[in-house]
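S.K.: Dropping the sequence and predicted coords here.
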Amino acid sequence: MEFERPRGTRDFLFEEMRQRKEAENTLRRVFENYGFGEVQTPLFEDLKLFTTKSGEEIVDQLYNFKDKGGRDLTLRPEITAPISRLYLNEMQKSAKPIKLYYYGSCFRYERPQKGRFRQFWQFGCELIGAKSPEGEAEVIAMCNSSLEALGITTAEINVNHLGIIRGLFKHFDIDEATQREIMIVIDKGDKELLKESLIGENPIIKDNSELNEVLLKLIDMVGDSSIIKDIEELVSPYEEARDALEEFKELVDTLKSFQVTNYKLNLGVARGLDYYTGIVFEVYVQGLGAQKQVCGGGTYNLVKLFGGEDVASTGFALGFDRLMNAIEELGGKKELPPMVNTYVAAISDSTRQKAFEITQNLRNADIPTEVDLSRKKFKKILSYANKLNVKNVVLVGERDLEEGNVTVKDMESGEQEIVAVEDVAEYIKSNL
RNA sequence: GCCGGGGUAGGGUAGGUGGUCAUCCUACAGGACUGUGGAUCCUGUGACUCGGGUUCGAAUCUCGGCUCCGGCCCCA
């Protein structure tokens, strides 16, 4: 009987795991530097938590199941809904703003492809109860810092404010279902398709060429902060969009103060779901194939959707696996030092017990150390130690031991030094 | 769910018009070498993705499953 990994899952071996941990720690450092604290929620949740947020349709992309008590549960497909639930359950009375972050795996039943797995990891944050351009600017700044810290220099942050387009819809009194339909088309990012949907043979919104024209121009606006005035010009006749535009302008000013320059305003960025009303942003890294989006975020009001009070939240989630792809693609993997730097080798059977003692002494002195556990011959031990790439090998032999000594061999230079047993730790510390 | 391309020892591969013992590199284990690694040599371990079909005979042809890769759909 042979067992295989479930489809769309991966095993991580030592080297890859170390690279992932390195990236993970880098992100933790950045997030904590911004004052965010880590939380953890369960891997599975009530199925309704996700269907309430995203609709019944998502069930066929979930790993859902009934437990023995008949409860409908599911492995989480994302972590923002659990965070909102956590907030409702435990943190409603906490001082605002609340800044939290999380790292963990999510599960989706989807067709695996490059950058897409059935178990994948998300690293994300939420800033709860601070709806303001500065809250949004800080979150975007942290996203930018994260990408910089990881060395992903080719990332582009694209920022939009959905209030502008929502304002236009409101001005023209477009119903919600139609809004959703249009947002979905915008979200696809296909200009031709959008053109067809707006001004083609069978447009989604009929008899409103003014709105269609404005929309088409609007979603085409991409560029640095200088395009704000173009946007302003375009939407100034529609007062319902003005507040959002003001917020957008403030965000741009505040991003400058937060020293974020690596971003674009992109009026074509949308998100499929209704609860995004304010700013949204997405980060793309070219060269990652079809799954180039490494981050999605924005301001939304999920808590209200789940029956809580009206509290806005700004956050983003990084697709950790895609970040790892990007790092790999950019050749930014770090050279990691060997796991251990010292090996203790008994030269003969009679000195083996002494070798264990010395090993423990070194470990107690915080020197990562390995010792032979398979009774290999001395030559094989050295050969093995060489493969581990250790710096020092402590040779424990009878002749030296009679004098209370061992020989420490430097594996890079090949030089050897006779050292008293009690001084080994100190000697090795000075020779790493 | 759909389209296309792959799956040969632990890793990387050759073979492919059906027919000796399925090739080589590497890895791993042992030895040459009982207190000295990296080199060399020798020996050993270890594979045709699974199932059906065609055939005297299938790694090879054929159909299907599984799975991997790329793309579509979707992307909370």
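M.R.: Noted; the coordinates are in hand.
S.K.: pLDDT score for residue A:191?
M.R.: On pLDDT, residue A:191 comes in at 80.
S.K.: and if you look at residue A:400?
M.R.: 94.
S.K.: Please give me every residue in contact with it.
M.R.: For residue A:400, the contact set (Cβ atoms under 8 Å, 6 or more residues apart in numbering) comprises A:406-407, A:418. (C-beta placed from N, C-alpha, C; glycine too.)
S.K.: ok, 10 Å please
M.R.: By Cβ atoms under 10 Å, 6 or more residues apart in numbering, the contact list for residue A:400 reads A:347, A:351, A:406-407, A:418-421.
S.K.: And for the lengthiest helix in chain A, what's in contact with it?
M.R.: In chain A, assigned by DSSP state H, the helix with the most residues is helix A:14-33. Residues from elsewhere that reach helix A:14-33 (Cβ under 10 Å, 6+ apart): A:10-12, A:36-38, A:99-103, A:121, A:123-125, A:142-152, A:318, A:320-321, A:323-324, A:327-328, A:332-334, A:336-337, A:339.
S.K.: ok so, going back, out of the contacts of residue A:400, who has the most neighbours?
M.R.: Counting neighbours by other Cβ atoms under 10 Å, residue A:406 comes out on top of these with 27 neighbours.
S.K.: Next, that one: phi, psi?
M.R.: Backbone torsions of residue A:406, given as degrees, to the nearest 10, read phi -130, psi 170.
S.K.: beta partners for it?
M.R.: Residue A:406 has the following beta-bridge partners by DSSP bridges: residue A:419.
S.K.: Please apply the same query to the one 4 residues further on.
M.R.: According to DSSP bridges, residue A:392 are recorded as the beta-bridge partners of residue A:410.
S.K.: count of neighbours near it?
M.R.: Using other Cβ under 10 Å, residue A:410 has 14 neighbouring residues.
S.K.: rewinding a little: out of the contacts of helix A:14-33, which sit inside strands?
M.R.: A:37-38, A:99-103, A:121, A:123-125, A:318 (DSSP state E).
S.K.: Would you list the buried entries among these?
M.R.: Using 16 or more other Cβ atoms under 10 Å as the burial test, the ones in strands among the contacts of helix A:14-33 include A:99-103, A:121, A:123-125, A:318 as buried.
S.K.: quick one: secondary structure of the closest residue to residue A:60 other than its chain neighbours?
M.R.: Leaving aside its sequence neighbours, residue A:60 sits nearest to residue A:109 (Cβ to Cβ, 6 or more residues apart in numbering; 7.2 Å). Look at residue A:109: counting by DSSP: H, G, I helix; E, B strand; the rest coil, its state is coil.
S.K.: now for the contacts of residue A:400, which pair is the farthest apart?
M.R.: For those, the maximum inter-member distance is 17.2 Å, found between A:347 and A:420 (Cβ to Cβ).
S.K.: Averaged pLDDT, the stretch of helix or strand residue A:379 belongs to. What do you get?
M.R.: Element membership of residue A:379, judged by DSSP states H and E, is helix A:378-388. When pLDDT is averaged along helix A:378-388, the result is 94.
S.K.: List the contacts of that helix.
M.R.: Outside helix A:378-388, the residues that reach it (Cβ under 10 Å, 6+ apart) are A:338-349, A:355, A:370-372, A:374-377, A:390-395, A:397, A:409, A:411.
S.K.: Filter those residues down to the buried ones and hand me the ChimeraX line.
M.R.: In ChimeraX syntax, the buried subset of the contacts of helix A:378-388 is picked out as below (16+ other Cβ under 10 Å):
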select /A:340,341,342,343,344,345,346,347,355,370,371,372,390,391,392,393,394,395,397,409,411
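S.K.: and the contacts of helix A:378-388 near RNA strand B, which?
M.R.: Of the residues in those, proximity to RNA strand B by Cβ under 7 Å from any atom of the strand holds for A:347-348, A:376-377, A:395, A:397, A:409, A:411.
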